[in-house]
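Asker: The following block contains a protein sequence and its predicted model.
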Amino acid sequence: MAYGFKVIVEGDYAGFNRPELKTERVTYDVPTVGALEGMLKCVYWKPSLCIVIDKIVVFNPIKTVNIRRNEVKTKLPLKAVRAQMNGGGAAVIYTPDVRTQRGSVVLKDVKYGIEFHIERTFIRSDHEDECEEKHYNIMLRRLKKGQCFRQPCLGCREFSVKRLELVDDLDLSEVAEENMGRHDLGLMLYGMRFRDGGKPINGDWEHPQFSDKADAMYYHPYMIDGVIDVAEYRKELKC
């Protein structure tokens, strides 16, 4: 049995960046499945369950805005952090030396309906008699109370979710006129499939070491009258 939920999510801005346009970031017209899974994991997540997106409803017209901002071209080296922890030099980045200006095309004034369910992964279950109903009730309670253990975001971390609300049904009469009809969204990134399967490669959950190797999964969805039937197009996943 699949335990399902329906939620409404809104935000002032969103960025679901195309992997082929990395330097000057350009968003997809609609959310990627992996980004929505990550957003919902901010509410409740455990290794023993996974979130599966079944349907996405795009309520508002698809509008974009072009922004430019200063960014740094490098990351703080891990060895510098470790050296400072051991009493060495300061772990710092001098931004005037590594600053650059980049443009981004992002979505604005977004409102999505998400239909999803949870499934067991059987990875590191706390109890042998653990069931999906337990996780369903926890997720249900947290959604009703508006709880999360970190701020949900719409693609990029700086685009925070303004509203995340559990609903009984998704009212398709609220879909914008511009989104009606059949829209070919092209080949889109679905998500990343990590080769370690979510399990430590050293087999030690106390001191886990995970692999960072992953394969990109793509699919070819259509938006029909504002609705993307992810469950249907998931059958055509390509790595």
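Answerer: Looks like it arrived, so ask away. Numbering: from 1, shown residues only.

Asker: make it CA atoms for all contacts and neighbour counts henceforth
Answerer: Fine.

Asker: What residues of stretch 39-47 count as buried?
Answerer: Buried residues in stretch 39-47, counted by 16 or more other C-alpha atoms under 10 Å: M39, L40, K41, V43, Y44, W45.

Asker: Now tabulate these in CSV and tack on pLDDT.
Answerer: Output for the buried residues of stretch 39-47, formatted as CSV (pLDDT from 0 to 100):
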residue, pLDDT
M39, 95
L40, 95
K41, 93
V43, 94
Y44, 92
W45, 85
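
Asker: nearest to R102, of those?
Answerer: Nearest to R102 among these is M39, at 25.2 Å by C-alpha to C-alpha.

Asker: which SSE is the closest one in?
Answerer: helix 33-41 (DSSP states H and E).

Asker: got it, and D12?
Answerer: Counting by DSSP H and E, D12 is found in strand 3-14.

Asker: Direction included, what does that strand pair against?
Answerer: With DSSP bridges as the test, strand 3-14 is paired with strand 99-120 (antiparallel), strand 163-166 (antiparallel).

Asker: Please report how far the most centrally placed residue in the chain lies from R102.
Answerer: By C-alpha atoms, centre = their mean, the chain has its centre lying nearest to A35, at 1.9 Å. According to C-alpha to C-alpha, to the nearest Å, A35 stands 22 Å off from R102.

Asker: packing partners for the lengthiest helix in the chain?
Answerer: If you go by DSSP state H, the chain has its longest helix at helix 132-145. For helix 132-145, the elements it packs on are strand 3-14, strand 99-120, strand 163-166, judged by 3 or more C-alpha pairs under 8 Å, 6 or more residues apart in numbering; DSSP states H and E.

Asker: thinking again about what came up before, could you identify the helix or strand that succeeds the helix holding M39?
Answerer: Next along from helix 33-41, by DSSP H and E: strand 49-58.

Asker: partner strands of the helix or strand encompassing M192, parallel or antiparallel?
Answerer: Using DSSP H and E, M192 sits in strand 188-194. Strand pairing for strand 188-194, using DSSP bridges, gives strand 214-219 (antiparallel).

Asker: And the strand it pairs with, what's buried?
Answerer: M217, Y218, Y219.

Asker: for the record, mean pLDDT for the helix or strand just after it?
Answerer: Next in sequence after strand 214-219, counting helices and strands by DSSP H and E, comes strand 222-224. Per-region confidence: strand 222-224 scores 96 on mean pLDDT.
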